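*Asks:* Could you work out the structure for the sequence below:
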Amino acid sequence: MIRNVRWDLDAGFPFLQSYGLLLLAVVLALAAVALFYRSYADVLPKRMLVALSAMRMAALALLILLLFRPIVRYDRVRAERPRVSVLVDDSLSMSVRDVPGLPDRLGRVRDYLSGAGKGRLADLGEDFAVELWAVGEAARRLAPTDEVLAGLAPAGRSSLLGGGLSDVLKADRDDPPLSKVILFSDGVDTSGRGLGAEPGKLQVPVYCIGVGSRLSDNTEFRDVAIQKVDPPRSASVNTLCETRAYIEGGIS
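*Replies:* Numbers count the residues shown, from 1 in each chain. The predicted structure is shown next:
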C-alpha cells in the first residue's frame, strides 16, 4: 500500500469585499501614527522615535488585519496511487521461439517490462502501485523488479489463465483499489474454462497483450487436430488392440 501525503495551505479574508479597502485602512493608520510622532520629533531621541513609531504601526496594522477576520486553513490530503496487477504467463508454451535467433516468448516479455526494453514496469510504478504475478499452473505473486523478471522461466506444465485471473480476484483488496489487470500471454489455455467469465468477476478492465506470432503464418508448422478416436468396445488386460484415430491437418 503506497500513499502520498500532501499538505494544502490556504490563507485569506473570506469576509472582505475588496482588498483595496484593506490597503486603504492600513495606509491611513500608518499615516496617523507618523503624524502623531512627528510632534515629538524635538522631544524624543531619533532612535527612540523610530522604534516607537515602528511598534505602533505594526500594532495598528495587525489590529486592522484582525478586524477583517482573516482565516488560515490547512488540509492534509492523502492521495493513493491506484493498483495495477501485471500477469505474465510462464507456461511451457512461452518457451517457443517464433523467430530463430531471438528470445523466446517469455524472454520478449521480460525485455519489454524490464530495463532491456524501456523499463515499462518501472514506468508503471511512477503512477501505479504495481503487482507482478506469474500465471501458469497457479498464480504466484512476485516482487516487481527486473531481477525477479530475469529469473522467471517458462516451466509451467499447464496454462490455467482463467484460474490465474480468479486467484488475482481472490487476493484482491480494496486498499489501494485495483484499477486494471494487464495479462501477457500467448493465449494458450489448457484449463478448458476459457477467459470469458473471469474478467467480469474482477469488475476492472483486463488488457490482454498477445505474445508470439501465429503458427499458421509459418510454413514449418502444421495445424493438426484429433477429430475422433474409435477404440474397441472391450479389451482384455495386457493385450494389444486396434484403435483408430482420425486426424485432420492443414497446410498453411
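
*Asks:* isn't Pro82 right next to Val204, touching?
*Replies:* No. Applying C-beta atoms under 8 Å as the test, Pro82 and Val204 come out as separate, 9.8 Å apart. All C-beta atoms are positioned from the backbone trio N, CA, C, and that covers glycine.

*Asks:* what is in contact with these two at once?
*Replies:* 178-180 (C-beta atoms under 8 Å, 6 or more residues apart in numbering).

*Asks:* can you pull the alpha-carbon coordinates of the helix or strand hosting Arg47 into PDB?
*Replies:* Using DSSP states H and E, Arg47 sits in helix 46-67. Output in PDB follows, covering the C-alpha atoms of helix 46-67 (Å, rounded to 0.1, in the frame of the first residue of the first chain):
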ATOM      1  CA  LYS A  46      15.600  59.900  17.000                       C
ATOM      2  CA  ARG A  47      16.300  56.200  17.700                       C
ATOM      3  CA  MET A  48      13.600  56.000  20.300                       C
ATOM      4  CA  LEU A  49      11.200  57.900  18.000                       C
ATOM      5  CA  VAL A  50      11.800  55.400  15.200                       C
ATOM      6  CA  ALA A  51      11.300  52.400  17.500                       C
ATOM      7  CA  LEU A  52       8.100  53.700  19.000                       C
ATOM      8  CA  SER A  53       6.700  54.600  15.600                       C
ATOM      9  CA  ALA A  54       7.500  51.200  14.200                       C
ATOM     10  CA  MET A  55       5.900  49.300  17.100                       C
ATOM     11  CA  ARG A  56       2.800  51.500  17.000                       C
ATOM     12  CA  MET A  57       2.500  51.000  13.200                       C
ATOM     13  CA  ALA A  58       2.900  47.200  13.500                       C
ATOM     14  CA  ALA A  59       0.300  47.000  16.300                       C
ATOM     15  CA  LEU A  60      -2.200  49.100  14.300                       C
ATOM     16  CA  ALA A  61      -1.600  47.100  11.100                       C
ATOM     17  CA  LEU A  62      -2.200  43.800  13.000                       C
ATOM     18  CA  LEU A  63      -5.300  45.200  14.600                       C
ATOM     19  CA  ILE A  64      -6.800  46.200  11.300                       C
ATOM     20  CA  LEU A  65      -6.000  42.800   9.800                       C
ATOM     21  CA  LEU A  66      -7.800  41.100  12.700                       C
ATOM     22  CA  LEU A  67     -10.800  43.300  12.300                       C
END
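
*Asks:* Can you list the buried residues in that helix?
*Replies:* Residues of helix 46-67 classed as buried: 49, 53, 56-57, 60-61 (neighbour count, 16 or more other C-beta atoms under 10 Å).

*Asks:* what does that helix contact?
*Replies:* Counting by C-beta under 8 Å, 6+ apart, 22, 25-26, 29-30, 32-34, 36-37, 40-41, 44 sit against helix 46-67.

*Asks:* Near Pro82, how many other residues are there?
*Replies:* Neighbourhood size, Pro82 [other C-beta atoms under 10 Å]: 13.

*Asks:* Grab the nearest non-local neighbour of it.
*Replies:* Ser179 (3.7 Å; C-beta to C-beta, 6 or more residues apart in numbering).

*Asks:* Can you read off the backbone torsions of the one you found?
*Replies:* Dihedral pair for Ser179: phi -100, psi -30, per degrees, to the nearest 10.
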